[in-house]
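K.L.:
Below are the sequence and a predicted model; questions follow.
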Amino acid sequence: MTAPKSGGTGALLIHGLGGTQFDLGPMHKALRRAGVETHAVTLPGHAGRPEDLVPVRAEQWLDTVTQAYDELAAQYETFHVMGMCLGGLLALALAERRQHRKGRLVALAAPVYIDGWSTPWYRALRHVVYHIPTLPARMRVEEDEPFGIKNDLVRAIVKAKFERGDNFHYRWVPLACIRQVDRLRGWVLRGAHRIACPTLVVNAREDELTSLRSADFLDSAVPDVRKVVVENSYHMICVDNDREQVVSSVLEFLGFDPAQARRPSRARVEVPMSEEAFAAVVNEYLQALTSGHFEAIFPLLEPGVRWRHHGEHPLAGSYDDRDAVIGMFARLQALAGKSVRIAVTAPPRIEGSTAEIDLEAASVMDGEARHSQGTQTLRMRNGRISAVTFRPSDSTVAAAEALPAPAG
């Protein structure tokens, strides 16, 4: 039987430990816009519960990506392999195992060494704990702030997703799983010099999980390698401040023009906006506000948004940019937890680029029930909210307000 003729360009993308394709941020879309057919793989123990990782061995991870590679590579004239974090280690081990030459290899934040600035001084003791029966299966390695993310906006969104229990990333992994990562690290340390294809290594200088020692090792061990160091991110480089640089570096390394693969810029909205366009943003804002999914508000705000909250509420004051607003909502949740309830009491009144919204809010802070009513005014510029102001309807209840809102 004659095998079908292969053609085109494909890529296998491998996610990180406890993660999903979210780990790779916009990489899938950017590659597709460049004409690359991307393929994802779900590693054993993932897409379920953290406990599912306990019995998984490193061989199962590598066998899974090898099977995917064997099934896909023959379908393309050019086939690339890429991985993030644990996926980066697996991509390196796969390329060495299969002597990959049909395309290129990209290792993103691969933790060849687990020695970043947030790892505890006693990290080496884990190798002793591995040999204590049942303990590695019961010990948890928690995913905690900064969640590998330096960008305040993205970190706030990730934190809110964790608090809601969204199934986009495990909140913890068992220590038994870290033992398998260590075994995989050993394979990479011993086999990196046998990788046969051009390789791109991208790491962050401030990675809290793995220092630049990992990138430096790969730079010296892999025969044909290019190293890129990004300066304004932590571990999750595909979603952090340097994500555009990471995507551009990958596309250029794979032979594509980053400009052609860049997401088309959103059409600039004329001022004033149409009432329909403004109403759509207001509705999205109110859905986030009343559902308690406050992180969905942040992308709707201009970076320089002015947020003002009048009255005697603990969060009353002025917040002069988006980072400050994120901090305000973080403080609200710290003070009131999940007790915050916000409701719209009348349809929004939209005129030009301004909307007035009647709200009432309730919460519990320090064991005390709070209630407030008032009007929030939104102002829009070029498709985003540029100002928010909240004024209580009755000064006698201002001290009991539960709603943080501002802008002028």
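P.N.:
Thanks, I have it.

K.L.:
Just the buried positions in stretch 318-333, please.
P.N.:
Counting neighbours by 16 or more other Cβ atoms under 10 Å, one finds that the buried residues in stretch 318-333 are 319, 322-326, 328-330, 332-333. For the C-beta atoms, the positions are set from N, CA and C on the backbone; glycine is no exception.

K.L.:
which outside residues touch that stretch?
P.N.:
Contact with stretch 318-333 is made by 152-153, 156, 159, 163, 294, 297-298, 301-309, 315, 340, 404, 406, 408, as judged by Cβ atoms under 8 Å, 6 or more residues apart in numbering.

K.L.:
Buried only: go through those for me.
P.N.:
Listed as buried from the contacts of stretch 318-333 are 152-153, 156, 159, 294, 297-298, 301-302, 305-309, 315, 340, 404, 406; burial here means 16+ other Cβ under 10 Å.

K.L.:
and the end-to-end length of stretch 182-199?
P.N.:
Length of stretch 182-199, first residue to last, Cα to Cα, to the nearest Å: 22 Å.

K.L.:
my bad, should have said stretch 312-323
P.N.:
End-to-end distance of stretch 312-323 (Cα to Cα): 22 Å.

K.L.:
picking up where we left off before, looking at the contacts of stretch 318-333, which are in helices?
P.N.:
Of these, the ones assigned to helices by DSSP state H are 152-153, 156, 159, 163.

K.L.:
Report the buried residues of stretch 40-51.
P.N.:
By neighbour count, with 16+ other Cβ under 10 Å as the criterion, the buried positions of stretch 40-51 are 41, 43-46, 50.

K.L.:
can you check stretch 276-283 too?
P.N.:
By 16+ other Cβ under 10 Å, the buried positions in stretch 276-283 come out as 278, 281-282.

K.L.:
Now for residue 65, how many residues are close by?
P.N.:
22 (other Cβ atoms under 10 Å).

K.L.:
my read: it touches residue 41, true?
P.N.:
Yes: the pair formed by residue 65 and residue 41 meets the contact definition of Cβ atoms under 8 Å, at 5.8 Å.

K.L.:
got the residue ranges for the helices in the stretch 151-300 of the chain?
P.N.:
Applying DSSP state H, counting those that start in this stretch to the stretch 151-300 of the chain gives helices spanning 152-164, 175-191, 213-221, 243-253, 258-261, 275-291.

K.L.:
so which of these gets nearest residue 97?
P.N.:
Nearest of the helices of the stretch 151-300 of the chain to residue 97, taken as Cβ to Cβ: helix 175-191 at 7.9 Å.

K.L.:
Show the average pLDDT along that closest one.
P.N.:
Across helix 175-191, pLDDT averages out at 96.

K.L.:
how far off helix 213-221 does it point, in degrees?
P.N.:
20 degrees (axes from the mean of the first three to the mean of the last three Cα atoms, to 10 degrees).

K.L.:
thinking again about what came up before, just the buried residues of stretch 318-333 now: which is nearest residue 241?
P.N.:
residue 323 (12.4 Å).

K.L.:
could you say which helix or strand contains residue 92?
P.N.:
helix 86-97 (DSSP states H and E).
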